[in-house]
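Chemist: all I have is the shape, not the residue letters:
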């Protein structure tokens, strides 16, 4: 009969098992700690990279904002130019303008100064029930005398483009040097398109 005999004491055997387990836990703990440290280093590098990227994007945003501010005056200029182009196209496409302005020029003399001439497009009902495009006109200025103002109104009201012309007001200017003159405002209705 063959008997095996254990010559290593139990305490030593238990200590070896404990030592192996402790060494295993130390290795696992060191591995976990190393992984955490590597992850921390990686995350710190990512944060630094993201910070630099955010800084770069902020610089780009600031540059774009400065560029946008530089474009604002250009946009205003383009808007003004477009508005002028629209007015010029209206003048070129509407033949009554030249006739109306010629009549206005003919009616004015050297002793009459115009301050304002505006037309506002509108649509009015006619006595026969139809609707017609018209322009409501306001003309204001300064005349050397009542006689000169009446001469202007009489001549301008003969324009074939006007459907009505009324004197809205005539006042003596507040300036004492202009006391013999008359500030005036005329209201009128103009055919928007010349009728064929």
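Modeler: Great, that's in hand. Remember, predicted model here, so these are calculated numbers, not experimental data.

Chemist: now do the helix or strand containing residue 36: distance to the chain's middle.
Modeler: Per DSSP states H and E, residue 36 falls inside helix 10-93. With Cα atoms, centre = their mean, to the nearest Å as the basis, helix 10-93 stands 32 Å off its chain's centre.

Chemist: quick one: secondary structure of residue 109?
Modeler: Three-state assignment for residue 109 (DSSP: H, G, I helix; E, B strand; the rest coil): coil.

Chemist: quick one: contacts for it?
Modeler: 148, 151, 152 (Cβ atoms under 8 Å, 6 or more residues apart in numbering). To be clear about C-beta, it is placed using only N, CA and C from the backbone, and glycine gets the same treatment.

Chemist: residue 154 versus that one, what's the distance?
Modeler: 12 Å (Cβ to Cβ, to the nearest Å).

Chemist: top of the contacts of residue 109 by neighbour count?
Modeler: The most crowded member of those, judged by other Cβ atoms under 10 Å, is residue 152 (22 neighbours).

Chemist: need the three-state assignment for that one.
Modeler: Residue 152 ends up helix, using three-state DSSP.

Chemist: what's the answer for residue 127, then?
Modeler: Per three-state DSSP, residue 127 ends up coil.

Chemist: what is the helix or strand of the chain with the lowest mean pLDDT packed up against?
Modeler: In the chain, the helix or strand scored least confidently by mean pLDDT, DSSP states H and E is helix 96-107, which has a mean of 80. Judged by 3 or more Cβ pairs under 8 Å, 6 or more residues apart in numbering; DSSP states H and E, the packing partners of helix 96-107 are helix 10-93, helix 146-156, strand 182-191.

Chemist: please identify the buried residues of the last one?
Modeler: Translated: strand 182-191. Within strand 182-191, the residues that qualify as buried are 182, 183, 184, 185, 186, 188, 189, 190, 191, counting by 16 or more other Cβ atoms under 10 Å.

Chemist: which stretch among the helices and strands packed on helix 96-107 comes nearest residue 125?
Modeler: strand 182-191 (12.6 Å; Cβ to Cβ).

Chemist: what pairs with the closest one, parallel or antiparallel?
Modeler: Paired strands of strand 182-191, with direction, are strand 131-143 (antiparallel), strand 162-171 (antiparallel) (DSSP bridges).
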